[in-house]
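Undergrad: A predicted structure for the sequence below; I have some questions about it.
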Amino acid sequence: MSQSLSWCVTGFARACMKWCASMSDRLSWISLCSRCTRVFNRYGKDVSIPKYDPEKDAEMPLVVFDDTNVQENIWSFVVYIMWLKQRPDSFEWYLRVREQRFDLWRQCVYKVWML
């Protein structure tokens, strides 16, 4: 009985930690989108965000991220986020790009919050 209770509590604790991590990621994404929208609305009145095309852009977010040279211009990162959030799977791509380009991603997020 004690072992099964211990296993149940351990399983519950793991599920709670996973849920908290997921919520933290979601809140980070929502917060970043909100910040980029505010920056864009303030400074990007003459800039148009490319429209998401499901046929053409299926596997593009990582390639687009690399091609935008966000390390040279933080505005490119803001436009990238505005483009990315149009996708129905934007959160999943956010996680994937953040994971695969973590250091650059972190630098860009920091710079956006300094604008």
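TA: Right, received. Where do you want to start? Residues are numbered from 1 along each chain as shown.

Undergrad: residues touching the residue nearest the centre of the chain, list them.
TA: By CA atoms, centre = their mean, the chain has its centre lying nearest to Tyr94, at 3.2 Å. For Tyr94, the contact set (CB atoms under 8 Å, 6 or more residues apart in numbering) comprises 29, 32, 84. For the C-beta atoms, the positions are set from N, CA and C on the backbone; glycine is no exception.

Undergrad: nearest to Val78, of these?
TA: Leu32 (9.9 Å; CB to CB).

Undergrad: around that closest one, how many other residues sit close by?
TA: 22 (other CB atoms under 10 Å).

Undergrad: how near is it to Asp53?
TA: Distance, Leu32 to Asp53, using CB to CB, to the nearest Å: 23 Å.

Undergrad: can you tell me the helix or strand for the residue nearest to the centre of the chain?
TA: Taking DSSP states H and E as the criterion, Tyr94 maps to helix 90-100.

Undergrad: buried stuff in that helix?
TA: 90-91, 93-94, 97-98 (16 or more other CB atoms under 10 Å).

Undergrad: got it, and stretch 80-89?
TA: 80-85, 87.

Undergrad: stretch 32-39 too?
TA: 32-33, 35-36, 39.

Undergrad: centre of the chain to that stretch, how far?
TA: Distance of stretch 32-39 from its chain centroid, counting by CA atoms, centre = their mean, to the nearest Å, is 12 Å.
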